[in-house]
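Student: Sequence and predicted structure below; questions after.
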Amino acid sequence: MSKVVKHRWTSNFSGPAKLDRRSCEYEAYIPDGLLTRQFGLDGAVAAEVADAEASIARLNVSGASLVNTEALARILLRAEAVASSRIEGLDVGARRLLHAEIARRLDDAPRDVTATEVLGNIDAMIFGIDSIGQGGEITEDLLLEIHRRLLVGTRLEEHGGHYREVQNWIGGSSYNPCSAAFVPPPPEYVPDLMADLCAFANDDGLPAVVQSAIAHAQFETIHPFVDGNGRTGRALIHLILRRRGLAVRVLPPVSLVLAIWSKDYDTALTGVRYRGPSTSDDAHGGMNRWIAQFSIACSRAVADADQFKSTAQEIQDAWRVRIGSLRKNSAADLLISVLVGAPVVTVTSASALIGRTYPAANNAVSQLVEAGILRQVNISRRNRAYEAPEIIAAFTDLERQLASPEGDTRTSEPVRKVPRRR
C-alpha cells in the first residue's frame, strides 16, 4: 500500500530568502512495488497501446527499406537524447550539437558546456542500448553505469553511478522541501525500490509499451539520484523496448513529444502517485491515463520519424541525381548513405563510417563538396569539417513538427521552458 511518511526539515539558514531559510514538516511519498502489483487496461487504453506497438514495430521493419537503417537509428537516438535533455532545461539545437560532437573528437576547440552535457546523455544512451539485447537483463549495475556516464564532465560528476544518500525534491525552493511539488522516498527506501523496479523491467507479463511506461513512471517517482533522474529514466524506456524485441534497430524518439507535452507529461506522472491500495479507482485511473498518454506519444513520435525518413530518402535521391554518374558502393555512394546519421563529418570520421581508406574518403568528400551536398564549416582550428545542410534542416523540421500538436510551430504557442529537476 502506497503511503507518505512525515519528516522534519531543519533549516541551516543558508538560503538567500526568508522562505529558503525556514524549517517545516514535509511528506515524502513511498510507492508500492511493481513486481507483485496487478495492472488492468481499459479498452480504449489497450487500443492506444496496440497502435503504439504496431507503429514502433513498423518503424523498425520499414527502416531497412529506405535510408540506411543504422544511419537512421543514429540520428533518431541523438534526437531522443537532445529532447530528453531539453526536458531538464538543457537546450541545444541540432547543428550546434553536431558541431560540438565533431569538435570533441578533434579535441582542439572551446568546450560548449551545455552541448557537453547533452553529448554525455548521448554517450550514456548508446552505452545502455548497446549493453542490452533481446531477452537480456536490465540490472541495477547497468542503470548505475548509464547514470555515471551521463554525469561525466559535469559539476555533479562525483554523484554519478551512486544512489542518493540525501532527500531530494521537485519544485519549490532549492534549499528546502517545504514548498516542493513532490518529495520522493527518503534515501533508505531507494535500494529496495530499485531492486523491485529492475525485477519488473525483466518480466515479460505485460506489453512492452505498457511495461516501459510503468517502469519510467516508477523510476521518476523513486528519483534515485541526486541529478540526472529524468534522462536516466527515459533511457530506461528504450532499454525495455530493446530488451522486449520491439525496437531492436530504431528507437522511437518519444522524448521529442514528451518535451513538448511537458505540462501534460508532468501531470500524468503525478497522477500515478496514488495513496492507499493499488486496487483503488485512483490507482487504476491514474495509471491508465499515463499509459494512454505515453502510448499516444510513442505513436506520434513514430509518425514524424517516418516523415523524416521519407524526407531523408528524397534528399538522398536528389543528391544522386545532382552528382551524376555514381558507381554503386563507391566511397561517394556510401558516404551519401551514411550522411543521414552523421550530417557533420571530417575526412577521418567519414573514412571510419564508410570503411574506406583516408584518400578514398577524401576524394568522396571532395565530390560531394563540388556537387553542393557538403559544405566546409569552421569547427576546429587545425582540422576541416563538412556538413550536409539539407539533412540538418530536415532534422530541424522534425523537431519543429513535433513541437506542435498540429505539426506546425508557426501556429503554436511558444514552447514552455521546463525548470531543471533536482
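Tutor: Now that the structure is in, tell me what you want to look at.

Student: Can you name every helix or strand that the lengthiest helix in the chain contacts?
Tutor: The longest helix of the chain (DSSP state H) is helix 281-323. Under the contact criterion of 3 or more Cβ pairs under 8 Å, 6 or more residues apart in numbering; DSSP states H and E, helix 281-323 touches helix 43-62, helix 69-87, helix 208-222, helix 254-260, helix 262-271, helix 331-338, helix 358-370, helix 389-402. Every residue, glycine included, has its C-beta placed from N, CA and C.

Student: Can you classify the residue of the chain positioned farthest from its centre as helix, strand or coil?
Tutor: The C-alpha centroid of the chain is most remote from Ser325, which lies 39.7 Å away (Cα atoms, centre = their mean). When classified by DSSP: H, G, I helix; E, B strand; the rest coil, Ser325 comes out as coil.

Student: and it, how far is that from Lys309?
Tutor: 27 Å (Cβ to Cβ, to the nearest Å).

Student: and what of Ser55?
Tutor: Ser55 is 13 Å from Lys309, by Cβ to Cβ.

Student: do Ala301 as well
Tutor: Ala301 is 12 Å from Lys309, by Cβ to Cβ.

Student: who has more neighbours, those two?
Tutor: Ala301 (28 against 24; other Cβ atoms under 10 Å).

Student: Spit out the contact partners of His147.
Tutor: For His147, the contacting residues are 124, 160-161, 225, 228, 232, by Cβ atoms under 8 Å, 6 or more residues apart in numbering.

Student: ok, 6 Å please
Tutor: Taking Cβ atoms under 6 Å, 6 or more residues apart in numbering as the contact definition, His147 lies against 160-161, 225, 228, 232.

Student: between those, which is nearest Asp333?
Tutor: Thr232 (39.2 Å; Cβ to Cβ).

Student: secondary structure class for the closest one?
Tutor: helix.

Student: With adjacent residues omitted, what lies nearest to it?
Tutor: His147 (4.9 Å; Cβ to Cβ, 6 or more residues apart in numbering).

Student: Okay, the one you found and Asp333: tell me how far apart.
Tutor: For His147, the distance to Asp333 - Cβ to Cβ - is 41 Å.

Student: can you check Arg375 too?
Tutor: Computed as Cβ to Cβ, the Arg375 to Asp333 distance reads 20 Å.

Student: likewise Leu193?
Tutor: 52 Å.

Student: which one of the two has more residues nearby?
Tutor: Leu193 (22 against 17).

Student: Distance-wise, check Gln218 relative to Ile30.
Tutor: Distance from Gln218 to Ile30, by Cβ to Cβ: 12 Å.

Student: mind pulling up the phi and psi values for Phe182?
Tutor: phi -160, psi 140 (degrees, to the nearest 10).

Student: Run through the residues that contact it.
Tutor: Ile170.

Student: Now do the nearest residue to Tyr26 once chain neighbours are set aside: how many residues are near it, please.
Tutor: In space, and not counting its chain neighbours, Tyr26 is closest to Pro177: 4.6 Å by Cβ to Cβ, 6+ apart. Residues lying near Pro177 (other Cβ under 10 Å) number 24.

Student: wait, Pro177 sits on Asn168?
Tutor: No - with contact defined as Cβ atoms under 6 Å, Pro177 does not count as touching Asn168 (8.3 Å).

Student: Sketch out the low-pLDDT regions of the stretch 301-422 of the chain for me.
Tutor: In the predicted model of the stretch 301-422 of the chain, residues 380-381, 399-422 satisfy pLDDT under 70.

Student: Distance from the chain centre to the longest helix of the chain, please.
Tutor: 13 Å (Cα atoms, centre = their mean, to the nearest Å).

Student: tilt between it and helix 358-370?
Tutor: With axes from the mean of the first three to the mean of the last three Cα atoms, to 10 degrees defining the directions, helix 281-323 sits at 90 degrees from helix 358-370.

Student: what about the closest residue to Thr221 other than its chain neighbours, neighbour count?
Tutor: Of all residues not flanking Thr221 in the chain, Pro31 sits nearest, at 5.0 Å (Cβ to Cβ, 6+ apart). Pro31 is flanked by 23 other residues according to other Cβ under 10 Å.

Student: Roughly how far does Pro31 sit from Ala94?
Tutor: Taking Cβ to Cβ, one finds Pro31 at 36 Å from Ala94.

Student: Also Met194?
Tutor: 34 Å.

Student: Which of these two has more residues huddled nearby?
Tutor: Set Met194 next to Ala94 and count neighbours by other Cβ under 10 Å: Ala94 wins out with 21 against 18.

Student: Just confirm Gly120 contacts Leu150, I think it does.
Tutor: Yes - counting by Cβ under 6 Å, Leu150 is a contact partner of Gly120 at 5.4 Å.

Student: Dump the C-alpha coordinates for stretch 170-185 into PDB.
Tutor: What follows is stretch 170-185, C-alpha atoms only, in PDB (Å, rounded to 0.1, in the frame of the first residue of the first chain):
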ATOM      1  CA  ILE A 170      10.900  18.500  -7.200                       C
ATOM      2  CA  GLY A 171       9.800  22.100  -7.400                       C
ATOM      3  CA  GLY A 172       9.700  24.900  -4.800                       C
ATOM      4  CA  SER A 173      12.900  26.200  -3.100                       C
ATOM      5  CA  SER A 174      16.400  24.900  -3.900                       C
ATOM      6  CA  TYR A 175      17.100  25.000  -0.200                       C
ATOM      7  CA  ASN A 176      14.300  23.000   1.400                       C
ATOM      8  CA  PRO A 177      11.300  20.800   0.500                       C
ATOM      9  CA  CYS A 178       8.800  23.000   2.400                       C
ATOM     10  CA  SER A 179       7.000  24.200  -0.800                       C
ATOM     11  CA  ALA A 180       8.000  21.200  -3.100                       C
ATOM     12  CA  ALA A 181       5.600  19.900  -5.700                       C
ATOM     13  CA  PHE A 182       6.700  16.400  -4.900                       C
ATOM     14  CA  VAL A 183       9.000  14.700  -2.400                       C
ATOM     15  CA  PRO A 184      10.300  11.300  -3.500                       C
ATOM     16  CA  PRO A 185      11.000   8.500  -1.000                       C
END
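
Student: Good, we can wrap up now.
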